[in-house]
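[1] let's see this in three dimensions:
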Amino acid sequence: SPAVTAFRDPISARTVRNSYFSRLSLLCKAISCACLTPTFPQPRSSLLPAMSRTYEEVPAAEAAAGQADASLSLDVGIESRLRTILSQGIPVDALPPSSYTELDTSVPHAPPRRPNLSAADRELALANALRYFPSSVHEELAPEFARELDTYGHIYMHRFRPREFPMRAFPLDSYPARSRQAATIMLMIMNNLDPQVAQYPHELVTYGGNGSVFQNWAQFRLVMQYLSEMGEDQTLVVHSGHPVGLFPSSPDAPRLVVTNGMMIPNYSTRDNYERLYALGVTQYGQMTAGSYCYIGPQGIVHGTTLTVLNAARKYLGRDGDDIRGTVYVSSGLGGMSGAQPKAGDISGMISVTAEVNEVALMKRHRQGWVKEVCRSTDEVIVRIRRARAARETTSIAFLGNIVALWEALADEADRSGERLADLGSDQTSLHNPYSGGYYPVQLGFEEAQQVMVDEPERFRELVRESLRRHVAAVNRMVEHGMRFWDYGNAFLLEASRAGADISPTDPSSRERFRYPSYVQDIMGDIFSLGFGPFRWVCTSGREEDLLETDRIAAEVIERLMGETSPEDTARLGNYHDNLLWIRQAAENALVVGSQARILYADALGRQQIALAFNAAVESGRVSAPIALSRDHHDVSGTDSPFRETSNITDGSQLCADMAVQNAIGDASRGATWVALHNGGGTGWGEAVNGGFGLVLDGTDDASRRAELMLGFDVNHGVARRAWSRHPHAESSIRAAMQRDKKLRVTLPEHADPNVIARALKN
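    Numbers count the residues shown, from 1 in each chain. Below is the predicted model:
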């Protein structure tokens, strides 16, 4: 029975020991499950009468319970519906009402796509969508799906989006799964689609304009059903959102293997992506969207904070209190989650971030991610002057186009000689320039959305013209002394394709672009030291568990700092920045969605933190399992010549062996799930990237997996960077080999440039 199963589970048993109230809560939950919903999935065709109500239609008390703090037990009715819907698969005997096809205007929606399909393609797209359903319902669904294809350029199957519960990360025990690992994946998927987290939640897009979790809602329902059925000796295989099925494996194998957008290299073009996505056979998983590891804006905030801090140190010679009054100008508060203003606040700067979409801007303003809103460039200029004079720390959102802002700042610098920006970058979703990732300055937001759909070729030319103006204004600011870098969003790449003046000013330069990538110039040393974005999610949903993990991580970092040689200043500096970050994390109110945290750590730091977390779960110091992951933008997770591997100097920037090997290696060393993607932040065909998830459930087996897998996950990338002759990477991998005698890495011999010159001359 479910009650017996719950108490036999070792993690539940530990939870039960914590207190009388824990026992009472778990008992009530077990009884409610036994009485209201079976532990095991219902047949796909079943649909309980209670399921006919949408979440919006349930009584107010139930709705309030659903929106309450995830640390509290769910209302019985909501949990019953959640368990039933997630385990039932696709409802076909009683289809959801046809009225569900209408869009919910309370959330943002993805711009319509124009994939330029032939008549045969349209037929194929419809046949591909209908194959998820028995032929008995094709007559009803076919016209509906055809309308979606014609209207949106893709078949999302809006009718099948669940309405019976709020889409969010619920406490782990709420999910109808036989495996804690499977339940964790369910939690992570639902967090990626939470309207407070996702950019276009009803189109299953988490961030970046087109970073998809699934291609349609049928895939969501099937994946959830498979996860609810999965045992510890099965692996779910997912191809670009499509669940191929459950396959026999072993407890040591991953519970889930995901690939997104993998293409035969010669055909990995943007036009093919648009066509194949419309056909329903591939998707753009971005990075942590398609691997189910997104943690809201916090993920990119930490990286942006480290970037601007190190940029101020390197370019301006400013650190600590000297940073106050520094002005950082950027753009994009929607697709890339508005990290810049929060990072500026944490760093002590004045940040100015342009955004054309008022809905996205005000969402970040309400969430506290940006402090002020200005609606004209004149207002921005006045506010910058006042803030700079007072050496304030503030974040300003400009409702308007970034090109207009750069041009106004450049005009002011030309007129008065006053440079009102010290640092500049761009975080628009330029990997997706013609489908809503970048809006041309010549059009307002609403007009641009219309032109994008009705006149796609005109829109493309306007984007290219806007990019040329964009770069020209930035160049003028740089002439006045501002420092600018590419933030890995394909800004320089797309600007060069548009014909912008982006070539190096020095004709003898070996660089392709005038401005560096932030990885190449700022963050590359960090990756070569092995530091990268290490993340975790407290599956209980309890804030107190997250705060406890903050304390544990700080304790580990402090211990590692004490064990690090004073001469290793680079490593100590990174430990110091991350210790400061984790101590201030709670007061900076970074959580949106699941109770998650991020910090940059090296291999040893990740291993030690993971082991400490697992011990805390085992002892009850943390009340439920912890899910580890990382951004794919990491030491070894991504091969991308204009971002993650832009500081690889041996000519291998265009090679993708590292990212592929990393996914395979993590899978063979104990990862709970792994993912491998085409694309990422720089665009389709511009990168290969991968990630993982690992569940820490307090067992010895979890400790074994964490130590083995995390060591490989980091050191594999450090070894590749060492082979390219990066000095920090060479010293880091030598230290790792000293710690682990089983680790042996091929290191380079350094050739004398004079020997090479003489050989070539002769």
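[2] who are the packing partners of the helix or strand containing residue 706?
    Using DSSP states H and E, residue 706 sits within helix 700-723. Contact here means 3 or more Cβ pairs under 8 Å, 6 or more residues apart in numbering; DSSP states H and E; on that basis helix 700-723 packs against helix 524-528, helix 603-619, strand 626-630, helix 657-667, strand 688-696, helix 727-739. (C-beta placed from N, C-alpha, C; glycine too.)
[3] now that helix against helix 727-739, angle please.
    Counting by axes from the mean of the first three to the mean of the last three Cα atoms, to 10 degrees, helix 700-723 lies at 140 degrees to helix 727-739.
[4] correct me, but residue 193 touches residue 169?
    No: counting by Cβ atoms under 8 Å, residue 193 does not reach residue 169; the two are 9.7 Å apart.
[5] contacts for stretch 435-444, please.
    Stretch 435-444 has contacts (Cβ atoms under 8 Å, 6 or more residues apart in numbering) with 110-111, 113, 208-210, 274, 335, 356, 401, 403-404, 428-432, 445, 448-449, 451-452, 459, 462-463, 465-467, 469-470, 494.
[6] what's the offset of stretch 76-95 from the middle of its chain?
    For stretch 76-95, the gap between its own C-alpha mean and the chain's C-alpha mean amounts to 28 Å (Cα atoms, centre = their mean, to the nearest Å).
[7] could you list the buried residues of it?
    Going by neighbour count (16 or more other Cβ atoms under 10 Å), the buried part of stretch 76-95 is 76-92, 95.
[8] leaving out chain neighbours, which residue sits closest to residue 720?
    Nearest non-adjacent residue to residue 720, counting by Cβ to Cβ, 6 or more residues apart in numbering: residue 658, 4.9 Å away.
[9] mind checking pLDDT for residue 74?
    Note for residue 74: predicted pLDDT of 69.
[10] swap that for residue 52, sorry
    We note a pLDDT of 38 for residue 52 in this prediction.
[11] before we move on, what about residue 518?
    Turning to residue 518, the model gives it a pLDDT of 78.
[12] same check on the one 10 residues further on?
    You'll see residue 528 listed with a pLDDT of 91.
[13] can you pull the contacts of it?
    Contact partners of residue 528, counting by Cβ under 8 Å, 6+ apart, are 647, 718, 721, 722, 726, 727, 728, 729, 732.
[14] next, format those as JSON lines and append distance to residue 687.
    Supplementary listing: the contacts of residue 528 in JSON lines, determined by distance: Cβ to Cβ, whole Å:
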{"residue": "647", "distance to residue 687": "15"}
{"residue": "718", "distance to residue 687": "19"}
{"residue": "721", "distance to residue 687": "16"}
{"residue": "722", "distance to residue 687": "21"}
{"residue": "726", "distance to residue 687": "19"}
{"residue": "727", "distance to residue 687": "25"}
{"residue": "728", "distance to residue 687": "23"}
{"residue": "729", "distance to residue 687": "20"}
{"residue": "732", "distance to residue 687": "23"}
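[15] which of these lies closest to residue 641?
    residue 647 (10.5 Å; Cβ to Cβ).
[16] what secondary structure does residue 373 sit in?
    Assigned with DSSP: H, G, I helix; E, B strand; the rest coil, residue 373 falls in the strand class.
[17] count of residues packed around it?
    Residues lying near residue 373 (other Cβ atoms under 10 Å) number 16.
[18] so what's it closest to, chain neighbours aside?
    Per Cβ to Cβ, 6+ apart, closest to residue 373 is residue 397, 5.0 Å.
[19] tell me if that neighbour really is in a strand.
    Yes: according to three-state DSSP, residue 397 belongs to a strand.
[20] from what I can see it touches residue 355, true?
    Yes: with contact defined as Cβ under 8 Å, residue 397 reaches residue 355; the gap is 6.1 Å.
[21] quick check: residue 461 vs residue 499, distance?
    For residue 461, the distance to residue 499 (Cβ to Cβ, to the nearest Å) stands at 11 Å.
[22] er, residue 436 actually
    22 Å.
[23] of those two, who's got more company?
    The neighbour comparison of residue 436 against residue 499 (other Cβ under 10 Å) goes to residue 436, with 23 against 12.
[24] so that one: helix, strand or coil?
    coil.
[25] name the nearest residue to residue 546, sequence neighbours excluded.
    Once flanking residues are discounted, residue 546 sits nearest to residue 595: 4.3 Å by Cβ to Cβ, 6+ apart.
[26] just the strands in the stretch 501-650 of the chain please.
    Ranges of strands within the stretch 501-650 of the chain are 532-538, 596-601, 626-630, 638-639, based on DSSP state E, counting those that start in this stretch.
[27] could I get the ones you listed as CSV with distance to residue 753?
    Converted to CSV, these look like this (distance: least, Cβ to Cβ, whole Å):
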stretch, distance to residue 753
strand 532-538, 31
strand 596-601, 34
strand 626-630, 37
strand 638-639, 27
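[28] okay, residue 429: pLDDT?
    Residue 429 carries a pLDDT value of 83.
[29] residue 419 in helix, strand or coil?
    Residue 419 is classified as coil under three-state DSSP.
[30] I'd like the distance between the residue nearest to residue 546 and residue 535.
    Going from residue 595 to residue 535 by Cβ to Cβ gives 12 Å.
[31] these two - which one has more neighbours?
    Ranked by neighbour count (other Cβ under 10 Å), residue 595 and residue 535 place residue 595 first, with 26 against 22.
[32] tell me if I'm right that that one and residue 544 touch.
    No: taking Cβ under 8 Å as the definition, residue 595 is not a contact partner of residue 544, at 9.3 Å.
[33] and residue 495, what is it in contact with?
    Taking Cβ under 8 Å, 6+ apart, we find residue 495 in contact with 467, 468, 470, 471, 502.
[34] now do residue 493
    Listed by Cβ under 8 Å, 6+ apart, the contact set of residue 493 reads 430, 642, 682, 683, 686.
[35] need the pLDDT of residue 486.
    Model confidence at residue 486, given as pLDDT, is 86.
[36] also residue 29?
    You'll see residue 29 listed with a pLDDT of 44.
[37] how close does the nearest residue to residue 136 once chain neighbours are set aside get to residue 230?
    Sequence neighbours aside, residue 92 is the residue nearest to residue 136 in space, at 7.6 Å (criterion: Cβ to Cβ, 6+ apart). Distance of residue 92 to residue 230, computed by Cβ to Cβ: 22 Å.
[38] what of residue 117?
    Between residue 117 and residue 230 the distance is 36 Å, computed by Cβ to Cβ.
[39] those two: which has the busier surroundings?
    Ranked by neighbour count (other Cβ under 10 Å), residue 117 and residue 230 place residue 230 first, with 21 against 18.
[40] show me the contacts for the more buried one.
    177, 178, 179, 182, 236, 246, 255.
[41] now the third one: how far from residue 694?
    It refers to residue 179. Applying Cβ to Cβ to residue 179 and residue 694 gives a distance of 14 Å.
[42] cool, the fifth one as well?
    Look at residue 236 and residue 694: by Cβ to Cβ, they are 16 Å apart.
[43] who has more neighbours out of the two?
    Between residue 236 and residue 694, residue 694 has the larger neighbour count (other Cβ under 10 Å), namely 27 against 24.
[44] surely the more buried one and residue 672 touch.
    Yes: using Cβ under 8 Å, residue 694 makes contact with residue 672 at a distance of 5.2 Å.
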